[in-house]
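# Return atomic coordinates for the entry below.
(2 chains)
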Amino acid sequence: MTAEAADSAEAVGTIAPAANPGFLQRHGRTIEYILIPGAALAGALVVFGIFVMLFGKNPLDLYFYMYYGAFGTWFSWQNTLTRAAPLILTALCTALPAQLGMVIIGGEGALLIGALSATSAALALQGMPPLVIQIAMVCAGVIGGGLWIMLAGALRQYRGVNETISSLLLVYIALAILNHLVEGAMRDPASLNKPSTREIGAANMIGSIPGTDVHWGLVFGLIAAIAAYILIYHTVFGFAARVAGGNIRAAKIVGLGVSKLILTICFLAGGAAGLAGMVEVAAVQGRTNANLAAGYGFTGILVAFLARQNPLAIIPVAILLGGISASGGLLQRRLGLPDASVQVLQGIIFVFVLASDALYGRIGFLKGKS
Amino acid sequence: MADGSIGLWTVPLAVLGGAIRVSTPFLFVSLGECITERSGRINLGLEGTLVMGAMSAYGISYLTGSPWLGVLAAGVTGALLGALHAGICSLPRVNDVAVGIALMLFGTGLAFYLGKPLIEPTAPRLPAIDFGWWSDIPQLRAALRVNVLFLIGVALAPILYWAFRTTRWGLLIRTAGESSDAARAMGHSVLLIRLRATMVGGFLAGIGGSFLSLFYPGSWNEGLSSGQGITAVALVIFARWDPLLCLWASLAFGGAAALGPALQSVGVTSGYHLFNAAPYILTLAIMIITCSPKRTLTGAPAELSITR
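Okay, the predicted model is just below:
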C-alpha cells in the first residue's frame, strides 16, 4: 500500500532522464500511469477525428483548432485555466470518496447547493466588509456542498443505499431546489427573462489574479488539490481511508472508525464541489441562476477517472479538459460543429480511459519489479 | 381549467393519465435493466441509451415517415450501446458502474450532437388508442388515450416474469447472475450471456426513449430526459429484480412525475419545480426505506457489484 502510494506520488512529478539501465523496470508503474491514460487520450482523439470526418470536416483542422482554442494564445490559456478551476474542485468530489472505494457522481448537485449557500450568505451579510462576506461565502459554499454529499455517504453507511445512484438523484433534487428558490423566494424582481437571485455586489467578487483574467478560483482549486493529496498520502487519516478502501473488513478489525471516515471524506468531497459553486458565483456569475448547471460536475467525474483518482494528477488533467471545453466555442465558429461535440469527445475519452484499465501490468517492456 | 364541474378531480385524473403515459419509459428501461442486472451486471448508461433512443426514433420517423421504423431504430441503437457496454465490461479489471457513467455522458452527448438538426422539424408520432370513448369528461378521455407501447410493456412484464422462471434462457441469465462459476461449469460463456442480456436491456431502453420523442412529450429537444433513465435503474433495485414489481413501481413513478403538471393545471404553481422532482425524491425515499446495511437485498443477483 505504501509502496504504491509512493509510486503514484511520483507519477505526477517529472521523470528524471534515464540514468541507469534499470530505469524502465524501477519506474514501470509510474510510466504506466502516464503512458496508458495518454494512449487512451490519443486513441479517443483519433476516434473523434474519424467521427467528425464522417460529417465532412477535416480532422487536421479539428486538432489545430482544438489546440489553438485551448493552448494556442495567452487568451485561450486564460480561458482554459478559468474553466480548469471548477473542474479541479468537482473532480475532487469524485476522487476523495474513491479512496474509500465509493463511486460518487453527484458533484454537480454539491456545486449547485454550494453556489446557493454562498449566494445566501453574501445576500444576508450585505453591508459588511467584502473580506468578511467572501470568507462567509467560502464557508457557506463548503458547508452546503459538504453536507449534500455527506448525505449520500450517510445513506450508504447507515441505510445501505448505493451512493452512485443516490448522489446522482441528489443532482436532480438540487437542481429542483435551485430553480424553486431562484424563481420564488430568492428571486430578484428585476430579473425578468432569466430568473436569478440578487447580485452579491461587485465589491464582493473575488476578482482576478493580478496580471491575468484568471480568477482566484484557480488558486482555491490548486490549494484544495494539494491539500487533498497531503491528506490522502501523508496523514494517518488518509492512510486509514485507503486501508478502508482496500479492505473494509480489515479496517473494521483493526478498529478504524469506518463511519467517521466515510462521513468526513464525503463532507470534504462535497465541500470541494461546493467551493466550485461558490467560485462560479463569486468570480463569474455574480448571482445564482440556472446557468450554474453547466456540467462542470459531470466533467469532473471524467477528470477524476482520467487522473486515476490521484488529487495531484487532477491538476494537469483538469487543465487539459478545461482546454477541450475552452476550444468548444472555436470549433463551433470555425468548423460549424454543434456545441455538443465537446460532450461527445469527453464521452469517447471516458470510454477509452476505462477500457485502458485492462492494459495495466500487461505492457511487456515495463514488466519488472512491479 | 377546461371543465369547471369536475374541479379538483383534474388532479387525480391527471395523475392517472400520467401513470399510464409517463410510466412507459420507466417501464421499458426498468424491464431492460432487470434483464441486464439479473445476468450479474449493472448498466448505468441506460440514461444515455434513453436519450439516444429518443433521438434516433425521432430522426428515423422524420426521414422515413414511419414512426414504427423509428421505434425499431431506437431499439437497435439501444442494443448497439448495450453491446458497447458489454464489450468494454468484458475486458479484465473494468468496472461496470464506471463504464455505465461513461456511456451515460457519451450517449447524451452523441444524441445532442446528432440531434441538432432535429429540433426544428416535426416527425410523425405514434398513434394512440382511445379507451375513453364511453366518457363525456374530456380530462378522463385524455387520461385514457393509451399508446400501444404501454400495452406492450404491460404485457412484457408477466412474460419476463414467466421467462425468468421457466425458460432455458431465463435460467441461463439467472445462473450467470447468481454464480458465474456455476454457469461456466455448465459450459456456458458468462461474457456471452451478459452481452446478450445487456443488448436486450439496451434494446428495451431504446424503445422507452422512442416513446419520449414519438408520443409523450412527443418532440425532440435536449431537455427531453432528465434522469428518467437513472430513476428507472434505481427502480429495479426497489422492485427487487422482479419484472412484475417493476410494472407497479413504474406506474407509481409515472403518477408521481405527473403530479407537478397536474397541480399546475389547477392553478397550484408554487413549488412547481419541487413537484417535478417528486420521482427523484420518491426514489430516494423508497431506497432509504427498503435498503439495509445489515443484509444484502432479497432477490439481488449475487454477482451484482452494486449490492455487494
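# Going by C-alpha atoms from here, please, whenever you check contacts or count neighbours.
Fine.
# Which part of the stretch 101-250 of chain A gets nearest to chain B, residue-wise?
For the stretch 101-250 of chain A, the residue closest to chain B is residue A:160, as judged by CA to the nearest CA, at 4.1 Å.
# And residue B:158, how far from chain A?
If you measure residue B:158 against chain A using CA to the nearest CA, to the nearest Å, the figure is 27 Å.
# Over to that residue. Which of the three states is it?
helix (DSSP: H, G, I helix; E, B strand; the rest coil).
# thinking it is in contact with residue B:244, fair?
Yes: counting by CA atoms under 8 Å, residue B:244 is a contact partner of residue B:158 at 6.0 Å.
# Looking only at neighbour counts, state which of the two leads.
residue B:244 (19 against 16; other CA atoms under 10 Å in any protein chain shown).
# Secondary structure element for the more buried one, which one?
helix B:243-265 (DSSP states H and E).
# Please state the offset of that helix from the chain centre?
For helix B:243-265, the separation from the chain centroid amounts to 12 Å (computed by CA atoms, centre = their mean, to the nearest Å).
# measure the residue of the stretch 201-308 of chain B found nearest chain A to residue B:170 for me?
Here the stretch 201-308 of chain B gets closest to chain A at one residue, residue B:293, 4.1 Å apart by CA to the nearest CA. From residue B:293 across to residue B:170, the span is 29 Å (CA to CA, to the nearest Å).
# which one of those two has more residues nearby?
Neighbours were counted for residue B:293 and for residue B:170 using other CA under 10 Å; residue B:170 has more, 18 against 13.
# so what's that one closest to, chain neighbours aside?
Leaving aside its sequence neighbours, residue B:170 sits nearest to residue B:164 (CA to CA, 6 or more residues apart in numbering or on different chains; 3.9 Å).
# That neighbour reaches residue B:174, doesn't it?
Yes: Residue B:164 lies in contact with residue B:174 (CA under 8 Å); the separation is 7.3 Å.
# who's more crowded, the two?
With neighbours defined as other CA under 10 Å, residue B:164 and residue B:174 compare such that residue B:174 has more, 24 against 20.
# so what's the more buried one up against?
Residues near residue B:174 by CA atoms under 8 Å, 6 or more residues apart in numbering or on different chains: B:38, B:39, B:164, B:301.
# burial measure for the residue in the stretch 101-250 of chain B positioned nearest to chain A, as a count.
In the stretch 101-250 of chain B, the residue found nearest to chain A is residue B:106; the distance is 3.8 Å by CA to the nearest CA. Residue B:106 has 26 neighbours, counted by other CA under 10 Å.
# Wasn't it part of a helix?
Yes: read with three-state DSSP, residue B:106 is one of the residues of a helix.
# just to revisit the earlier point, ramachandran angles for the nearest residue to the residue of the stretch 101-250 of chain A closest to chain B once chain neighbours are set aside?
Nearest residue to residue A:160, sequence neighbours excluded (CA to CA, 6+ apart): residue B:293, at 4.1 Å. With angles defined as degrees, to the nearest 10, residue B:293 sits at phi -80, psi -10.
# residues from the stretch 151-300 of chain B in reach of chain A?
Residues of the stretch 151-300 of chain B lying close to chain A by CA under 8 Å from any CA of the partner chain are B:226-227, B:230-231, B:234, B:270-274, B:276-277, B:280-281, B:284, B:287-289, B:291-294.
# I'd like to know which of those are buried.
Among those, those buried by neighbour count (16 or more other CA atoms under 10 Å in any protein chain shown) are B:227, B:230-231, B:234, B:271-274, B:276-277, B:280-281, B:284, B:287-288, B:291-292.
# Restricted to helices, list those residues.
The helices, defined by DSSP state H, take in B:230, B:231, B:234, B:272, B:273, B:274, B:276, B:280, B:281, B:284, B:287, B:288 from those.
# Tell me the span between the first and last residue of stretch B:262-279.
Using CA to CA, the end-to-end distance of stretch B:262-279 comes to 14 Å.
# Can you give the contact residues for that stretch?
Residues outside stretch B:262-279 that contact it (CA under 8 Å, 6+ apart): A:172-173, A:176-177, A:179-180, A:184, B:1, B:7-8, B:10-11, B:14-15, B:231, B:253-254, B:256-261.
# if we go to 6 Å?
Here stretch B:262-279 makes contact (CA atoms under 6 Å, 6 or more residues apart in numbering or on different chains) with A:173, A:176, A:180, B:11, B:14, B:253, B:256, B:257, B:260.
# For PyMOL, what selects the buried ones among the residues you listed?
A single PyMOL command is used to select the members of the contacts of stretch B:262-279 judged buried by 16+ other CA under 10 Å:
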select buried, (chain A and resi 173+176+180) or (chain B and resi 11+14+253+256+257+260)
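# Need the phi and psi values for residue B:123.
Per-residue torsions, residue B:123: phi -100, psi 150 (degrees, to the nearest 10).
# Distance of it relative to residue B:64?
On the measure of CA to CA, residue B:123 and residue B:64 end up 9 Å apart.
# And the two? Which one has more around it.
Under the neighbour definition other CA under 10 Å, residue B:123 and residue B:64 were set side by side, and residue B:123 has more, 24 against 13.
# ok, the more buried one - contacts?
B:61, B:62.
# how would you label residue B:219: helix, strand or coil?
Using three-state DSSP, the structure places residue B:219 in coil.
# and it, what is it in contact with?
residue B:213.
# Kindly provide the distance from it to residue B:212.
7 Å.
# again, but for residue B:173
29 Å.
# Please apply the same query to residue A:69.
Residue A:69 is 36 Å from residue B:212, by CA to CA.
# which non-adjacent residue is nearest the residue of the stretch 251-370 of chain A found nearest chain B?
Closest residue of the stretch 251-370 of chain A to chain B, CA to the nearest CA: residue A:347 (3.8 Å). Distance criterion CA to CA, 6+ apart; nearest residue to residue A:347, sequence neighbours excluded, is residue B:106 at 3.8 Å.
# wouldn't the one you found be in contact with residue A:349 here?
No: counting by CA atoms under 6 Å, residue B:106 does not reach residue A:349; the two are 9.1 Å apart.
# ok so, going back, emit the ChimeraX select command for whichever of the contacts of residue B:174 are buried.
Burial among the contacts of residue B:174 is assessed by 16+ other CA under 10 Å; the matching ChimeraX selection reads:
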select /B:38,39,164,301
